[in-house]
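Undergrad: Coordinates for the following, if possible.
(one chain, ligands or ions: 1)
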Amino acid sequence: MIKAILWDVDGTILDFKLAEKEAVKSCFKALKLGEISDSQIESYSLINKKYWERLERGELTKQEVLLGRFKEFFSSIGIDESFAEPFNDLYQVRLGDTISFFPGAMETLCALKGKVVQCAVTNGTKKAQSIKLKNSGLESVFDKIYISEDIGFDKPDKRFFGYVFADLSGIKKDEIIIVGDSPSGDIAGGINAGIRTCLFCPNGNAPDVKADYIVDRLEKIIELLEAIE
Ligand SMILES: [Mg+2]
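TA: This next block holds a predicted model:
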C-alpha cells in the first residue's frame, strides 16, 4: 500500500512550458532586449531542457545551468552574454507569475489529500519554486515540500532521496512512489533510491524507460494507488 507520493512539480503538476514562455517574454521586455519570437522561445526551451538534463547527469552545477542556458541562448541570437545574470535573477521571480496546471492536477491532489502524504520534490531554485508554490496555492495542498536547493542535492542523486526518506520516517520505501515527467531525474532517481516510479507522459508518447507505471493523465494515479497492494 502506498503511503506517500513524491510529486515532481514542473512538467508534472504545473505546465512549465507556458510559464517559461511568459517569463522569458516578460524579462525581454523588462531588460529592453527587444522582441522575442515564439520560435526563439522554443529554441531557448530546448537549450534549457538540455542544461537541466546535464544537471541530472551530474555534469553541471545548478549555477552553471542557470547562467549557462541563457549565455548559450543569448550568444545564439546575438545578445551579449553579460545579460545572463540579471536576466536569470528576474526570470526566477517572473517564473511564478504564470501558473498553469495540467488538467486534473489539482483535482487529483485534492482527492488524495489526507489519504496519503503528498510531497513536492523539485530541482528548481528555491526562489522560483517558493513563489510558484505560493501563487499556485500548492503550498497548502502539499504536506511536505522538498526543494533540492535546501537539501543540497538534486534529483536523481541518492542523497536527495535519502534526505526525504529520513524526513518521512515511519514510511517504508515500498510504501513510497515518485510521479514525474523526467526519465533522467524522477524515474532514474526513484529507481536508484529503491522506490516505485510512475512516469507522467501527457503527450502519450512514452519514451523507452523502466518506470513501474506510465500514465498520460494525472487522475489515473488515483486508481493506480488503489491497485497497488
Ligand atoms: Mg519535471
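
Undergrad: what about whichever residue of the chain sits closest to the ion, neighbour count?
TA: Going by Cβ to the ion, the ion is nearest to residue 11 of the chain, at 3.4 Å. For every residue, glycine as well, the C-beta is placed using N, CA and C. The number of residues packed near residue 11 is 19, by other Cβ atoms under 10 Å.

Undergrad: so it touches residue 182, yeah?
TA: Yes - with contact defined as Cβ atoms under 8 Å, residue 11 and residue 182 form a contacting pair (7.0 Å).

Undergrad: Distance of residue 67 relative to residue 89?
TA: As for residue 67, its distance to residue 89 is 10 Å (criterion: Cβ to Cβ, to the nearest Å).

Undergrad: more crowded one of these two?
TA: residue 67 (16 against 12).

Undergrad: excluding its backbone neighbours, what's nearest the more buried one?
TA: Spatial nearest neighbour of residue 67, chain neighbours left out: residue 84 (4.8 Å); criterion: Cβ to Cβ, 6 or more residues apart in numbering.

Undergrad: Surely that neighbour is within a strand?
TA: No - counting by DSSP: H, G, I helix; E, B strand; the rest coil, residue 84 falls outside a strand, being helix.

Undergrad: quick one: the helix or strand of the chain with the lowest mean pLDDT near the ion?
TA: The weakest-scoring helix or strand in the chain, judged by mean pLDDT, DSSP states H and E, is helix 126-136 (a mean of 92). No - contact of helix 126-136 with the ion (Cβ under 5 Å from the ion) is absent, the minimum separation being 11.6 Å.

Undergrad: contacts for that helix?
TA: 9, 14, 19, 91-93, 95-97, 99, 101, 120, 122, 124, 138-139, 142, 145, 147, 149-150 (Cβ atoms under 8 Å, 6 or more residues apart in numbering).
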